[in-house]
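Engineer: Quick one: sequence and predicted model below, then my questions.
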Amino acid sequence: MRTKTELPDHKKIASFIFLDKYRSRNQEDASGVMYNKFMTLLSSALKEKRIDIGLPHCWYRWGDEVVRFHMPYLRWNHEDPGYTAVVWKGNIPRYEGDDPVISAIKDFSDDFIDEYSGSEGMERVIDKVYENAPFKFQNEYRKLRENLKIAKKSVPPDNYVRSVLMPLFKSAMSSFPKAFSHMNDIKNDFMCVFAIAAEEGATTSELFDIAEDFWFFFCYHLRLNPKCHENVPRSTLDIWADILPWESEMYERNLWNNIHRFYKKHGSDPTADRLSEEWKRDMDEFEKLLSEYPDGMDDMDSVLYGKDR
């Protein structure tokens, strides 16, 4: 029996109740998407009743999601390609049957599973979560991503890029939030690369990859915005901030590689010319580095990591 001073961990209990109910109802484990959407919507619904379960969550690549590191009683199973299942791995939590918060969690779980189970449920619940996105840009860019995702799986009409994708792209980027003005330079570089790739006949699959690269990079910044995280410890936020320089360097190299692939009209665009020069400079530095190690990468590794690594 729980002692009087031991408070129930309602986010942990909610996780167990939902995963158990979902599996019983659907004969399969809940996906990461469904679990994340359940927990974030539950947290929001309970707050309307002045109940805070202290859920650590943030806006990231696929919407509002829990911070996995701070929920160690879950296992995220990636064995099935394209489907991440969430499985309970901790001890079964004990809770009182007369706890009104538990009753609210059970009721919300039943309603959620009734509403969003089935083939179309996932898209509808994602739509529901995105109604609360902190920035208009998130929804506008999502329209671009979803249309690119559809187009890369089929053969779109000849003018699809010009008549559908480019208007969505321009609408999304015009809504880029002022809160991320520190990203304006790299945002402008991305806009240049995407527009040139589209103009030079990049496939929808290639455009999808370019757009996803930018979205993933943007989300490293998104989750750090005060409007986009809650109950995340300072230590975790510091770790997220510490990786930004590395991710910035990697993303810039992606831009350089893409401008090298698609930019054919050199001298016609100052931004593209600069990115093209940065690609060339990066390649020259890499070739110079290689020339200093006659045995190639093995020789370089021995210097960097030691011969006995």
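Structural biologist: Cool, the structure landed.
Engineer: Surely residue 211 is within a helix?
Structural biologist: Yes. Judged by DSSP: H, G, I helix; E, B strand; the rest coil, residue 211 forms part of a helix.
Engineer: Next, residue 191: secondary structure please.
Structural biologist: Residue 191 ends up helix, using three-state DSSP.
Engineer: residues in contact with it?
Structural biologist: Residues near residue 191 by Cβ atoms under 8 Å, 6 or more residues apart in numbering: residue 173. Where C-beta positions appear, they are placed from N, C-alpha and C, glycine not excepted.
Engineer: Okay, now the unreliable bits of the stretch 101-250 of the chain?
Structural biologist: In the prediction, the stretch 101-250 of the chain carries no residues with pLDDT under 70.
Engineer: could you pull out the helices for it?
Structural biologist: Ranges of helices within the stretch 101-250 of the chain are 121-130, 136-152, 160, 166-174, 184-199, 204-222, 234-242, 244-262, based on DSSP state H, counting those that start in this stretch.
Engineer: and the gap between the closest residue to residue 198 other than its chain neighbours and residue 208?
Structural biologist: Once flanking residues are discounted, residue 198 sits nearest to residue 161: 5.3 Å by Cβ to Cβ, 6 or more residues apart in numbering. Residue 161 sits 11 Å away from residue 208, going by Cβ to Cβ, to the nearest Å.
Engineer: go on, residue 24?
Structural biologist: Counting by Cβ to Cβ, the gap from residue 24 to residue 208 is 37 Å.
Engineer: More neighbours: these two, which one.
Structural biologist: Higher neighbour count among residue 24 and residue 208: residue 208, with 21 against 9, using other Cβ atoms under 10 Å.
Engineer: okay, now the residue lying closest to that one once chain neighbours are set aside: neighbour count?
Structural biologist: Take residue 208 and drop its neighbours on the chain: the residue closest to it by Cβ to Cβ, 6+ apart is residue 148, 4.1 Å away. Here the number of neighbours of residue 148 (other Cβ under 10 Å) works out to 25.
Engineer: Also residue 111?
Structural biologist: Number of residues near residue 111 (other Cβ under 10 Å) recorded here: 11.
Engineer: list the contacts for it?
Structural biologist: Per Cβ under 8 Å, 6+ apart, neighbours of residue 111: none.
Engineer: Show me the strands in the stretch 1-150 of the chain, by range?
Structural biologist: Secondary structure of the stretch 1-150 of the chain (DSSP state E, counting those that start in this stretch): strands at 57-60, 63-66, 74-80, 83-88.
Engineer: Mind telling me which of the ones you listed the model trusts least?
Structural biologist: For these, the bottom mean pLDDT is recorded on strand 74-80, which sits at a mean of 84.
Engineer: Residues contacting that one, please?
Structural biologist: Contacts with strand 74-80, where a contact means Cβ under 8 Å, 6+ apart, come from 15, 29, 32, 68, 84, 85, 86, 87, 88, 89, 90.
Engineer: Pretty sure the first one sits against residue 72.
Structural biologist: Right, residue 15. No. Assessed by Cβ atoms under 8 Å, residue 15 is found out of contact with residue 72, at 11.1 Å.
Engineer: Just want to know which of these two has more residues nearby.
Structural biologist: Counted by other Cβ under 10 Å, residue 15 and residue 72 do not tie: residue 15 has more neighbours, with 26 against 10.
Engineer: Next one: residue 215 from residue 137, what distance?
Structural biologist: Plainly put, residue 215 is 10 Å away from residue 137 if you go by Cβ to Cβ.
Engineer: Now the common contact residues for those two.
Structural biologist: By Cβ under 8 Å, 6+ apart, no residue touches both residue 215 and residue 137.
Engineer: ok so, going back, compare the helices of the stretch 101-250 of the chain and give me the one nearest residue 271.
Structural biologist: Residue 271 sits nearest to helix 184-199 of all those, at 4.3 Å, using Cβ to Cβ.
Engineer: Tell me the secondary structure at residue 265.
Structural biologist: coil.
Engineer: Please state the backbone phi and psi of it?
Structural biologist: Backbone torsions of residue 265, given as degrees, to the nearest 10, read phi -100, psi 60.
Engineer: All set now, cheers.
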